[in-house]
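1. requesting a structural model of the entry that follows:
(one chain, ligands or ions: 1)
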Amino acid sequence: MKIAADRETCIGAGMCVLTAPAVFDQDDDGIVELLVEDVPPGDADAARQAVALCPSGALRALDD
Ligand code: SF4
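-> Numbers count the residues shown, from 1 in each chain. Model prediction:
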């Protein structure tokens, strides 16, 4: 599973980092950064939850 993050849409709420810290980080302005593009299976559930929780709709899960 891959993740796509739209940094133009992100509002820096940080829910993704709290939910899946192995997948997401935030830059100095609070905007999302991806730590991985291919999400390891063990982090997939957390990554999907982060996609669902993101308040701006900046994240997408791209299934293989
Ligand atoms: S949860 Fe969404 S809006 Fe918040 S930092 Fe992550 S991508 Fe950005």
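2. from now on I want contacts and neighbour counts done on CA atoms only, so please keep to that.
-> Noted.
3. all helices of the chain, in order?
-> Along the chain, counting by DSSP state H, helices occupy 15-19, 41-53.
4. now the shortest one: average pLDDT?
-> I take that to be helix 15-19. Averaging pLDDT along helix 15-19 yields 98.
5. mean neighbour count and distance to residue 25 added to the helices of the chain, as CSV?
-> Shown next, in CSV, are the helices of the chain (neighbours: other Cα atoms under 10 Å; distance: least, Cα to Cα, whole Å):
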stretch, mean neighbour count, distance to residue 25
helix 15-19, 19, 6
helix 41-53, 17, 12
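6. from residue 57, how far out is residue 41?
-> 22 Å (Cα to Cα, to the nearest Å).
7. typed the wrong thing, it's residue 6
-> Noted for residue 6: a distance of 9 Å to residue 57, by Cα to Cα.
8. mind pulling the model confidence for the residue nearest to residue 9 when sequence neighbours are not counted?
-> Spatial nearest neighbour of residue 9, excluding adjacent residues (Cα to Cα, 6 or more residues apart in numbering): residue 58 at 5.2 Å. We have a pLDDT of 98 for residue 58.
9. next up, the contacts around residue 58.
-> By Cα atoms under 8 Å, 6 or more residues apart in numbering, the contact set of residue 58 is 5, 6, 7, 8, 9, 10, 51.
10. pull out the buried residues from those residues.
-> Buried members of the contacts of residue 58, scored by 16 or more other Cα atoms under 10 Å, are 5, 10, 51.
11. from those, pick the one nearest residue 17.
-> Using Cα to Cα, residue 51 comes nearest to residue 17 of the buried ones among the contacts of residue 58, at 10.9 Å.
12. ok, the closest one touching residue 60?
-> Yes: the pair residue 51 and residue 60 passes the contact test of Cα atoms under 8 Å, sitting 6.0 Å apart.
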